[in-house]
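K.L.:
heads up, no residue letters with this:
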């Protein structure tokens, strides 16, 4: 399952809008393309033109190990072929780096960049941000 959400800035004089939608995949998947398609369907449903959206995102829930995915009798996806494709894409990414390939739905150029100037330090998860005590 995944939840798609978007919202405007509530601290402006512009009309507010916020919405979310939870989408469930018919069959559990360990490929990237199926959740992307589901998220885009959800976004098309909740998006309203004319608003200046400030925040949007996708949250994945109900995650299970691949060994616990139950097949569906009516599933039309060629699972072995998808698995081979993802394996090859991962091999390319491992060899040439994570920025060498991407899904077309991500766009060719990034007109925006994540704003991280107010992010808290990650002392517990990033060695380079570990506090140092000076004597």
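P.N.:
In hand now; what should we look at? What you are looking at is a predicted structure, and each value in this text was computed from that prediction instead of being measured.
K.L.:
use CA for all of it now, contacts and neighbours both
P.N.:
OK.
K.L.:
how about the strands in this protein?
P.N.:
Applying DSSP state E to the chain gives strands spanning 2-8, 18-23, 53-60.
K.L.:
deepest of those strands, which one?
P.N.:
The highest average neighbour count among those, using mean count of other CA atoms under 10 Å, belongs to strand 2-8 at a mean of 19.
K.L.:
List the neighbouring strands of it plus their orientation.
P.N.:
Pairing partners of strand 2-8, with direction, according to DSSP bridges: strand 18-23 (antiparallel), strand 53-60 (antiparallel).
K.L.:
mind giving me CSV with those and columns for mean pLDDT and distance to residue 30?
P.N.:
Output for the strands paired with strand 2-8, formatted as CSV (pLDDT from 0 to 100; distance: least, CA to CA, whole Å):
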stretch, mean pLDDT, distance to residue 30
strand 18-23, 94, 16
strand 53-60, 93, 12
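K.L.:
between those strands, which gets nearest to residue 85?
P.N.:
Residue 85 lies closest, by CA to CA, to one member of those: strand 53-60, at 22.1 Å.
K.L.:
Give me the contacts around the closest one.
P.N.:
1-9, 39 (CA atoms under 8 Å, 6 or more residues apart in numbering).
K.L.:
Thanks again, I'm all set now.
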